[in-house]
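> here is my input; please provide its structure:
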Amino acid sequence: MTTPTLADCALDIGGMTCPACVRRVEKALTKLDGVASAQVNLATEVATVSYDPVLVQPAGLAAAVSAAGYTGTLRPRAGTPAAGPAQPGTAPAPGPADDPEDRRDAGLADLKRKWQVALAAGLALMVLMYVPLPIDAMDWLMPLLLVAATVVQFWAGRGVYAAAWSAARHGSTNMNTLVALGTGVAYGYSAFVTLWPGAAESWGLPLHVSFETSLVILALVPMGKWLEGRAKKQTAAAIRALAGLSPRTARVIRGGVEDDIPV
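Numbering: from 1, shown residues only. Coordinates of the predicted model:
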């Protein structure tokens with residue numbers, strides 16, 4: 001029996017948040033006919049797959065990752081230009097606008113902007129809870145807080161809610177599910193007692209709002225991702241700097257004559 005010739009490829013995986021996501025992606029890949037092994041690294045968000053090109057192609061690998069609720073993009077081999085139009089599930093030849101460093105920096109800047117705005121809004125609402133205000137002021141203040149909280153919550157938490165919904169559609173849960181449920185309940189209850197205080201009182205519900213709670217939680221999530229991403233960037237820069245210290249030439253003595261040759 002002829003042993004199949006295996007090929008290797010790397011996929012950039014998007015949407016992973018925890019080791020459970022790693023196991024889910026690996027399971028989705030190894031279930032495919034022709035896949036010999038699949039290893040997913042959560043830190044680098046890269047899946048290394050060994051497969052039989054006769055039975056499965058990289059586009060099929062990317063489709064399996066997508067079906068599991070994540071994104072999979074084929075990473076081009078270094079020095080290999082793209083030939084012809086891009087196929088589904090593959091990445092075009094990288095250009096200046098597709099530089100991984102630029103995408104990473106843009107993503108970090110977006111996370112930083114979100115957690116700063118959400119945290120500032122959450123702390124501001126928290127301070128208002130302790131400011132003595134006349135009862136009449138609540139008639140116009142509460143709707144104003146609802147509008148402000150709604151805008152900030154669904155702007156800063158859009159990625160969390162989208163990831164939670166994607167996991168739910170594929171019959172799974174992850175960290176985003178917990179955050180979406182917690183902040184969604186806090187926001188929903190606060191919006192209800194703000195819009196229909198009479199109904200809330202008739203049901204014996206306390207007229208307390210928790211807009212600041214959901215906003216602070218949604219600030220901490222992107223803050224953690226921002227700190228993690230910045231640490232990864234600094235680590236990668238340090239590794240590249242160490243690799244740059246490796247010698248470029250080797251000095252060889254042949255017949256008593258020294259000769260420098262490239263490594």
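> all helices of the chain, in order?
19-30, 58-67, 100-128, 137-156, 158-169, 175-195, 197-202, 211-244 (DSSP state H).
> hey, which of those helices is tucked in deepest?
helix 58-67 (a mean of 20; mean count of other CB atoms under 10 Å). All C-beta atoms are positioned from the backbone trio N, CA, C, and that covers glycine.
> C-alpha coordinates for it, PDB please?
What follows is helix 58-67 as a C-alpha-only set of coordinates in PDB (Å, rounded to 0.1, in the frame of the first residue of the first chain):
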ATOM      1  CA  PRO A  58      -6.500  24.300   1.900                       C
ATOM      2  CA  ALA A  59      -9.900  25.800   0.900                       C
ATOM      3  CA  GLY A  60     -11.600  22.800   2.500                       C
ATOM      4  CA  LEU A  61      -9.600  23.300   5.700                       C
ATOM      5  CA  ALA A  62     -10.600  27.000   5.900                       C
ATOM      6  CA  ALA A  63     -14.300  26.000   5.200                       C
ATOM      7  CA  ALA A  64     -14.100  23.500   8.100                       C
ATOM      8  CA  VAL A  65     -12.800  26.200  10.500                       C
ATOM      9  CA  SER A  66     -15.600  28.500   9.300                       C
ATOM     10  CA  ALA A  67     -18.200  25.900   9.900                       C
END
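> tell me the helices and strands packed up against that helix.
strand 7-14, helix 19-30, strand 46-51, strand 71-74 (3 or more CB pairs under 8 Å, 6 or more residues apart in numbering; DSSP states H and E).
> okay if I get the ones you listed as JSON lines plus distance to W165 and mean pLDDT?
Converted to JSON lines, the helices and strands packed on helix 58-67 look like this (distance: least, CB to CB, whole Å; pLDDT from 0 to 100):
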{"stretch": "strand 7-14", "distance to W165": "15", "mean pLDDT": "90"}
{"stretch": "helix 19-30", "distance to W165": "15", "mean pLDDT": "89"}
{"stretch": "strand 46-51", "distance to W165": "23", "mean pLDDT": "92"}
{"stretch": "strand 71-74", "distance to W165": "14", "mean pLDDT": "87"}
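> and stretch 64-71, how far from the chain's centre?
14 Å (CA atoms, centre = their mean, to the nearest Å).
> what of stretch 36-51?
Taking mean C-alpha positions (CA atoms, centre = their mean), stretch 36-51 and its chain are 17 Å apart.
> list the buried residues of it.
A38, V40, E45, A47, T48, V49, Y51 (16 or more other CB atoms under 10 Å).
> which residues does E26 contact?
E26 makes contact with A38, Q39, V40, A47, according to CB atoms under 8 Å, 6 or more residues apart in numbering.
> at 6 Å instead, please
Taking CB atoms under 6 Å, 6 or more residues apart in numbering as the criterion, E26 is in contact with A38, V40.
> what separation do you get for it and G159?
As defined by CB to CB, to the nearest Å, E26 lies at a distance of 23 Å from G159.
> point out where the stretch 101-250 of the chain drops to low pLDDT.
135-138 (pLDDT under 70).
> out of the helices of the chain, which is closest to T5?
Of all these, helix 58-67 sits nearest to T5, with 15.5 Å by CB to CB.
> ok now that closest one, how far from the chain's centre?
18 Å.
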